[in-house]
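K.L.:
show me how the following folds:
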Amino acid sequence: MKNKIWLLLLISGGFFYACNNGDYTPKPKGYFRIDLPEKQWEVFDSLEQFRFDYPDYAVVSVDQASHKGDTWVDIYYTPFNAVLHLSYKVIAGNFNTYVEDTRTLALQHLPKANTIIDSVFYLPDRAIAGIMYQIGGKGVASPIQFYASDSTRHFIRGALYFNFRPNNDSIAPVIQYVKHDLLHFIRSIEWKEE
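P.N.:
Down below sits the predicted model:
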C-alpha cells in the first residue's frame, strides 16, 4: 500500500511540474503559405469583338461552340486552381435584361454569403461601365462577379470560380490578388468596331 501511495504522489508531482512549465504557448490554427506569382501582362487579341490584357501566369481558352455573336472565354489561373468565365453578348435592345441577369446570378449566393458588395465603375475614355460584385462568406462558389459594357453594343459578364470548395478566409489573399487582375482586365478592354 505504501508503494502505491508513493507512486501516486510521484505521478501527481510529475503532472504539477509539467503543468507549471510556462514556456508553452498554444498556436492558432493556420493555413498553408500561398506564393503569389510576379505579374507580366499579355494582350489577347484573337477575338472579333474586343481585346484585353491578362497575366502571363494565366491561360486563355476560347470556346469554339460560340454562336450568334456570343462568345465564351475562360481564363485559367492555374497557380490558384481557379477560372474566370467570361461571356460576351451583342446588345440588341436587351441591355437591361443582361444587367438584371448578372445581378440575379450574383444574388443567388445569398444563402451562403455574409456580404455582397457592389461597386460601380465607369471608364469614359474606354466607353466602359459596369458593376463588380464581391461576395464574401464561407463556401461561396464565386467570390467575384461583374459585368462591363458600353451599354449600346457590347456586354461582357464575368464570374470567378475556384475548382474546390473555397474557404474564403484562407484564400482571401488570392481573391484580392485576382481581383486586382480583374480590375486591370476591365481597364484594358478595347472594343473592336465592325
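K.L.:
can you list the weak-confidence ranges in this protein?
P.N.:
13-32, 66-68, 166, 168-169, 194 (pLDDT under 70).
K.L.:
quick one, strands of it?
P.N.:
Using DSSP state E, the strands of the chain run over 41-44, 50-55, 59-62, 71-77, 82-90, 115-123, 128-136, 144-149, 154-162, 190-191.
K.L.:
relative to strand 71-77, how tilted is the fifth one?
P.N.:
Between the direction of strand 82-90 and that of strand 71-77, the angle (axes from the mean of the first three to the mean of the last three CA atoms, to 10 degrees) works out to 160 degrees.
K.L.:
parallel or antiparallel, list what pairs with strand 82-90.
P.N.:
Strand 82-90 pairs in its sheet with strand 71-77 (antiparallel), strand 154-162 (antiparallel), by DSSP bridges.
K.L.:
how about those strands in JSON lines, adding distance to Leu110?
P.N.:
(C-beta placed from N, C-alpha, C; glycine too.) Converted to JSON lines, the strands paired with strand 82-90 look like this (distance: least, CB to CB, whole Å):
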{"stretch": "strand 71-77", "distance to Leu110": "25"}
{"stretch": "strand 154-162", "distance to Leu110": "15"}
